[in-house]
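Chemist: Need a 3D model of the following:
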Amino acid sequence: MVPDLSLSVEPLAHRHYHPAGRGSLGFRGVQSRTVPRRTTSITMLSRQNPGADGAAGTPLYLGIDFGTSGARYALIDRQGAIHSEGKRAYAPVGDAAAWASSWRAALFQLLDDIPPAHRPFISSISIDGTSATTLIVDSETGELLAGPFLYNESFPDALPAVESIAPANHTVCSASSTLCKLVSWWNTTGGAGGAGSAAVLMHQSDWLLWLLHGRYGVSDYNNALKVGYDPEADAYPSWLMSQPYAPMLPSVRAPGAPIAVVKDDVCSQYGLSKECVVCTGTTDSIAAFLAAGTTEPGRAVTSLGSTMAIKLVSEARVDDARFGVYSHRLDDTWLVGGASNTGGAVLRQLFTDGELVALSRRIDPAVASPLEYYPLPRKGERFPVSDPDMAPRLTTRTIRNPIFTDVLHDGSHHLQILTKNMLRFHRWPFHFFASEGCNHGPRATRSTCTASWSRSRESRPKGTTC
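Modeler: Sure, this is the predicted structure:
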């Protein structure tokens, strides 16, 4: 059971907005620039001795990943050795508003799953969440005013207003952007919805971290990208700061920056040290990229789970909302890519777990097919084209009927077609990135996918590994 923890809130001592006087970007249809050199760095830890117990008193670091269908944690030491790990599926919810309680339950269940002997030695905690998943919270009471608005929810009603203030083809000029969600809520409620200046915008990981540290109004520059934050200028642009909802925007720090120590009641409930620090998070796809262990320009990572995300390291920045392409800051380089709504979720709608296991074993990559599917779980796509009205190209009857007649032959053929059409996104986005400013083509890609899915990748780019 999730404990009934207090949701006390405390404003940050310095709630700054990084004034945009330092410059705002003039986006073209596609805009690309080389990022100036910076002094910050990402520390990549080697995963040596997985499962090592470690010496008593060794500082440990807790990372929690909140994906589209569940959450998981890993507890590591400074060398990257894993001391404990676990996962939890989200509890079923009846409506979107119940997602927040489901995430909250998963968070505290994971904390409870950590072996008690390890908890006093946890030095810091950080959480990643799905990009553009948004909540509106009353900072005085902790009440959820609106949302959660999920990562793939579109708000086309707000798009004209956003396009009227943002540069052409800016990342926020997508109906599923965080800014469109904020503007839609603002316009629908006639302002701050009766909450006055107390309403604040939070991303999923911001909100989950807030449950641990109790302070509102802080985020990271990866999550803040889709609300309009400019990671190159390290500031919100002037066109955004001039809007009436600007006071709702969070202060922005680098991912992994300290926020505050864990609240006393959480420390007491779970046996955490009172010196345990909560740090800013990032998005789930960036966390997946970092887990692949490469940050060299020209390297690419595809994360294949409920949805699919592609990230390519480049020294030049590329953004174009028409294609769902945007660039996250990664130290002195950029992560250029996007996230598609295709992925494992659509397969779960069409096949049971048992069918997936059986059919995957029988897939023959040498068998060609004239069928062209575009597998989506529902209407709407984000990348490699931004189109909230795009319909899935597949016929449930065509796919499922052969399963009942010959599950180990025709069924595997249709599953193969679905997975191959998903994984074709490995090919053409890289050509797009190269043609629009990325100064390094993909030398190799790494993917997080199962062995059976990997067998459908014979048409992958040269140098691809899985």
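Chemist: Residue 102 versus residue 86, what's the distance?
Modeler: 17 Å (CB to CB, to the nearest Å). Heads up, the C-betas are built off the backbone N, CA and C, glycines and all.
Chemist: what do you get for residue 171?
Modeler: In this view, residue 171 and residue 102 are 28 Å apart by CB to CB.
Chemist: Could you do residue 349 as well?
Modeler: From residue 349 to residue 102 the distance is 20 Å (CB to CB).
Chemist: Same question for residue 261.
Modeler: In terms of CB to CB, residue 261 sits 26 Å off from residue 102.
Chemist: what do you get for residue 221?
Modeler: In terms of CB to CB, residue 221 sits 27 Å off from residue 102.
Chemist: again, but for residue 148
Modeler: Taken as CB to CB, the span from residue 148 to residue 102 is 10 Å.
Chemist: thinking again about what came up before, residue 349 and residue 102: who's more crowded?
Modeler: residue 102 (17 against 14; other CB atoms under 10 Å).
Chemist: and the more buried one, what is it in contact with?
Modeler: With contacts defined as CB atoms under 8 Å, 6 or more residues apart in numbering, residue 102 is in contact with 90, 91, 92, 93.
Chemist: quick one: which of these is most hemmed in?
Modeler: Neighbour-wise, those (other CB under 10 Å) top out at residue 90, 18 neighbours.
Chemist: Quick one: end-to-end distance for stretch 317-324.
Modeler: 14 Å (CA to CA, to the nearest Å).
Chemist: Now that stretch: average pLDDT?
Modeler: Stretch 317-324 shows a mean pLDDT of 77.
Chemist: Stretch 238-252 now?
Modeler: 97.
Chemist: any idea which of the contacts of residue 102 is closest to residue 226?
Modeler: residue 90 (22.1 Å; CB to CB).
Chemist: can you tell me which residues contact that closest one?
Modeler: 69, 70, 71, 99, 102, 103, 106.
Chemist: Repeat the analysis, applying 10 Å as the threshold.
Modeler: 66-71, 98-99, 101-103, 105-106 (CB atoms under 10 Å, 6 or more residues apart in numbering).
Chemist: Any of those residues buried? List them.
Modeler: Among the contacts of residue 90, those scoring as buried are 66, 67, 68, 71, 99, 102, 103, 105, 106 (criterion: 16 or more other CB atoms under 10 Å).
Chemist: Widest-spaced pair of those?
Modeler: Maximum distance among the buried ones among the contacts of residue 90 (CB to CB): 16.4 Å, for 68 and 105.
Chemist: Just read off the phi/psi values of residue 66.
Modeler: phi -110, psi 100 (degrees, to the nearest 10).
Chemist: Bridge partners for the closest residue to it other than its chain neighbours, pull those for me.
Modeler: Nearest residue to residue 66, sequence neighbours excluded (CB to CB, 6 or more residues apart in numbering): residue 129, at 4.6 Å. Beta bridges link residue 129 to residue 283 when assigned by DSSP bridges.
Chemist: gap between residue 129 and residue 121?
Modeler: Taken as CB to CB, the span from residue 129 to residue 121 is 25 Å.
Chemist: between those two, who's got more neighbours?
Modeler: More neighbours surround residue 129 than the other of residue 129 and residue 121, with 27 against 20 (other CB under 10 Å).
Chemist: per-residue pLDDT, that one?
Modeler: 97.
Chemist: Who are the contact partners of it?
Modeler: Per CB under 10 Å, 6+ apart, neighbours of residue 129: 64-67, 71, 103, 151, 202-209, 223, 281-284, 287.
Chemist: Which of the residues you listed fall within helices?
Modeler: In helices, defined here by DSSP state H, the members of these are 103, 204, 205, 206, 207, 208, 209, 284, 287.
Chemist: So the second one is in contact with residue 181, correct?
Modeler: No. Contact criterion CB atoms under 10 Å: residue 204 and residue 181 do not qualify, at 12.0 Å.
Chemist: Which positions in stretch 272-291 come out as buried?
Modeler: 272, 276-291.
Chemist: same question, stretch 163-173
Modeler: 163, 165, 166, 167, 169, 170, 171, 172, 173.
Chemist: burial count for the closest residue to residue 159 other than its chain neighbours?
Modeler: Counting by CB to CB, 6+ apart, residue 159 lies nearest to residue 175, which is 5.1 Å off, once chain neighbours are set aside. Using other CB under 10 Å, residue 175 is surrounded by 22 other residues.
Chemist: Is residue 175 in contact with residue 184, as I believe?
Modeler: Yes. Residue 175 lies in contact with residue 184 (CB under 10 Å); the separation is 9.2 Å.
Chemist: what do these two both touch?
Modeler: What both residue 175 and residue 184 touch, as defined by CB under 10 Å, 6+ apart, is the set 153, 154, 155, 156, 157, 158, 159, 162.
Chemist: Give me the pLDDT for the closest residue to the first one other than its chain neighbours.
Modeler: Right, residue 153. Using CB to CB, 6+ apart and skipping the chain neighbours, the partner closest in space to residue 153 is residue 176 (6.3 Å). Per-residue pLDDT puts residue 176 at 91.
Chemist: Average pLDDT for stretch 333-350, rounded please.
Modeler: For stretch 333-350, mean pLDDT is 76.
Chemist: Just the terminal-to-terminal distance for that stretch.
Modeler: 39 Å.
Chemist: Flag the shaky bits of the stretch 151-300 of the chain, pLDDT-wise.
Modeler: Where the stretch 151-300 of the chain drops to pLDDT under 70, the residues are 192-196.
Chemist: residue boundaries of the helices in it?
Modeler: 159-165, 178-189, 204-213, 238-241, 264-270, 284-291 (DSSP state H, counting those that start in this stretch).
Chemist: Using CSV, lay out these together with distance to residue 299.
Modeler: Formatted as CSV, the helices of the stretch 151-300 of the chain follow (distance: least, CB to CB, whole Å):
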stretch, distance to residue 299
helix 159-165, 33
helix 178-189, 27
helix 204-213, 24
helix 238-241, 32
helix 264-270, 37
helix 284-291, 9
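Chemist: separation between the residue lying closest to residue 222 once chain neighbours are set aside and residue 184?
Modeler: Of all residues not flanking residue 222 in the chain, residue 282 sits nearest, at 4.5 Å (CB to CB, 6+ apart). Using CB to CB, one gets 25 Å for the distance from residue 282 to residue 184.
Chemist: tally of neighbours for residue 191?
Modeler: 12.
Chemist: For the residue nearest to it when sequence neighbours are not counted, what are phi and psi?
Modeler: In this structure, residue 191 finds its nearest non-sequential neighbour in residue 244, 7.4 Å apart by CB to CB, 6+ apart. Backbone geometry at residue 244, expressed as degrees, to the nearest 10, gives phi -70, psi -20.
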